[in-house]
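**Student:** Give the three-dimensional model of this entry:
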Amino acid sequence: MTFHVRQPETEEEFKHYYHLRWKLLRAPWRQPEGSEYDELENQCFHLMAVDEDAQVIAVARLQFNSSDEAQIRYMAVEPAHERLGVGRRLIDVIEQHAIDKKCTLIVLDARESAIRFYKKSGYQTVEKTYLLFDEIQHYRMIKHLTNS
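**Tutor:** Predicted coordinates:
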């Protein structure tokens, strides 16, 4: 399978980017469209993977919590494209962007179902955090970055 990872650029690309984010991360819990946005969108680095037909198949966002700490949020891969390297590629690009911005730490709050994926990417679980929608347990994970 061929895919490309890049930032959404046009209004139409952002529309598809946000729609996938809602479809995978909010719709299954009956959350309204629009709940996939927050007040920090314009300050963040957005990334998506598109297939050979230019369909958005994965999304991720990097937000900057401080001058040295970034946070991965809203990461999701279409189920049909899981375990094909798409998520790993998003992580690689996000981490490089964080390094380029002089961040030394990336944090994230992983759903229980994603912990194994992030551990394979070098993240360590540090604590149980919050329960989203009263049913999705999240865990804080961290990774120290090196500027090599």
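**Student:** elements contacting the worst-scoring helix or strand of the chain on mean pLDDT?
**Tutor:** One helix or strand of the chain scores below all others by mean pLDDT, DSSP states H and E: strand 124-132, with a mean of 82. Packing contacts for strand 124-132, counted by 3 or more C-beta pairs under 8 Å, 6 or more residues apart in numbering; DSSP states H and E, involve strand 105-111, strand 136-144. To be clear about C-beta, it is placed using only N, CA and C from the backbone, and glycine gets the same treatment.
**Student:** Okay, strands next: where are they in the protein?
**Tutor:** Taking DSSP state E, the strands of the chain run over residues 3-6, 45-51, 56-64, 69-77, 105-111, 124-132, 136-144.
**Student:** Please identify the pairing partners of the shortest one and their relative orientation?
**Tutor:** Using DSSP bridges, the neighbouring strands of strand 3-6 in the sheet come out as strand 45-51 (antiparallel).
**Student:** which residues touch the partner strand?
**Tutor:** 1-8, 13-14, 16-17, 20, 56-63, 77, 81, 86, 89-90, 93-94, 97 (C-beta atoms under 8 Å, 6 or more residues apart in numbering).
**Student:** go on, stretch 98-111?
**Tutor:** Here stretch 98-111 makes contact (C-beta under 8 Å, 6+ apart) with 62, 64-65, 67-73, 75, 94-95, 117-118, 123, 125, 129-130, 132, 136-147.
**Student:** Throw together a PyMOL command that grabs the buried residues out of these.
**Tutor:** Typed into PyMOL, the next command selects the buried ones out of these (criterion: 16 or more other C-beta atoms under 10 Å):
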select buried, resi 62+64+69+70+71+72+73+75+94+95+117+118+123+138+139+140+141+142+143+145
